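Peer 1: This is the structure alone, sequence omitted:
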């Protein structure tokens, strides 16, 4: 219960208690006024308390619904975090620098595509339609097993300096259906 409601009920009780001596002194108008004010404060406190309880129940229901949806999503989906290799070849650093500048390196739309590289199975990593690298060989078996069930790929880019030169790295966060 909120403090304001408690204070309102205390003030209502004080008005009610102080109204009775007014009747004894013959001041009926002041006594009736005290009872009316006490009733109004008590009713307002009751309504305010009821609204607060309803809001708390609605918030609790929303949180439960959200938690159930999260559990359902987690039961039906998996998530992989795949570091991107080959980001320093060709013009990929310029592409990553541009994407980093435009988005602060967060939440970039990505895509994974099966391909062949030097005669072996590989997976290209695209960001905003541009080739930025490949899934690492160590992550390839896991990525190949889910590549046909991918629902979302989000790329994040970070940068660091090496001898004054800015180097960009990328990680693909892959959400797939189980």
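Peer 2: Thanks, I have the structure now. Because the structure is a prediction, the values reported are computed rather than measured.
Peer 1: Could you name whichever residue is most remote from the centre of the protein?
Peer 2: residue 26 (63.4 Å; CA atoms, centre = their mean).
Peer 1: now that residue: how far from residue 165?
Peer 2: 95 Å (CB to CB, to the nearest Å). From N, CA and C alone the C-beta is placed, and that goes for glycine too.
Peer 1: Same check on residue 159?
Peer 2: 10 Å.
Peer 1: cool, residue 129 as well?
Peer 2: For residue 129, the distance to residue 165 equals 26 Å [CB to CB].
Peer 1: cool, residue 2 as well?
Peer 2: From residue 2 to residue 165 the distance is 58 Å (CB to CB).
Peer 1: Below-threshold pLDDT in this structure: ranges please.
Peer 2: 1 (pLDDT under 70).
Peer 1: Domains of it: list them as residue ranges, please.
Peer 2: Domain ranges of the chain: 3-75, 86-177, per automatic domain parsing.
Peer 1: Please identify the most buried of those domains.
Peer 2: Highest mean neighbour count among the domains of the chain (mean count of other CB atoms under 10 Å): domain 86-177, with a mean of 16.
Peer 1: Pull the distance from it to the chain's centre.
Peer 2: 24 Å (CA atoms, centre = their mean, to the nearest Å).
Peer 1: top helix in this structure by residue count?
Peer 2: Counting residues, the longest helix in the chain under DSSP state H turns out to be helix 28-76.
Peer 1: Just the buried positions in the helix or strand following that one, please.
Peer 2: The helix or strand immediately downstream of helix 28-76 is strand 77-85, counting by DSSP states H and E. Buried residues in strand 77-85, counted by 16 or more other CB atoms under 10 Å: 80, 82, 84-85.
Peer 1: Between strand 77-85 and the next helix-or-strand element following strand 77-85, find me the angle.
Peer 2: The helix or strand immediately downstream of strand 77-85 is helix 92-103, counting by DSSP H and E. Relative orientation of helix 92-103 and strand 77-85, computed by axes from the mean of the first three to the mean of the last three CA atoms, to 10 degrees: 130 degrees.
Peer 1: So what touches helix 92-103?
Peer 2: If you take CB atoms under 8 Å, 6 or more residues apart in numbering as the criterion, helix 92-103 is touched by 86-87, 105, 108, 127-128, 130-133, 155, 157, 159, 166-168, 170.
Peer 1: before we move on, what about stretch 129-143?
Peer 2: With CB under 8 Å, 6+ apart as the criterion, stretch 129-143 contacts 80, 82-87, 89, 92, 95-96, 99, 111-112, 117, 121-126, 155, 170, 172, 174.
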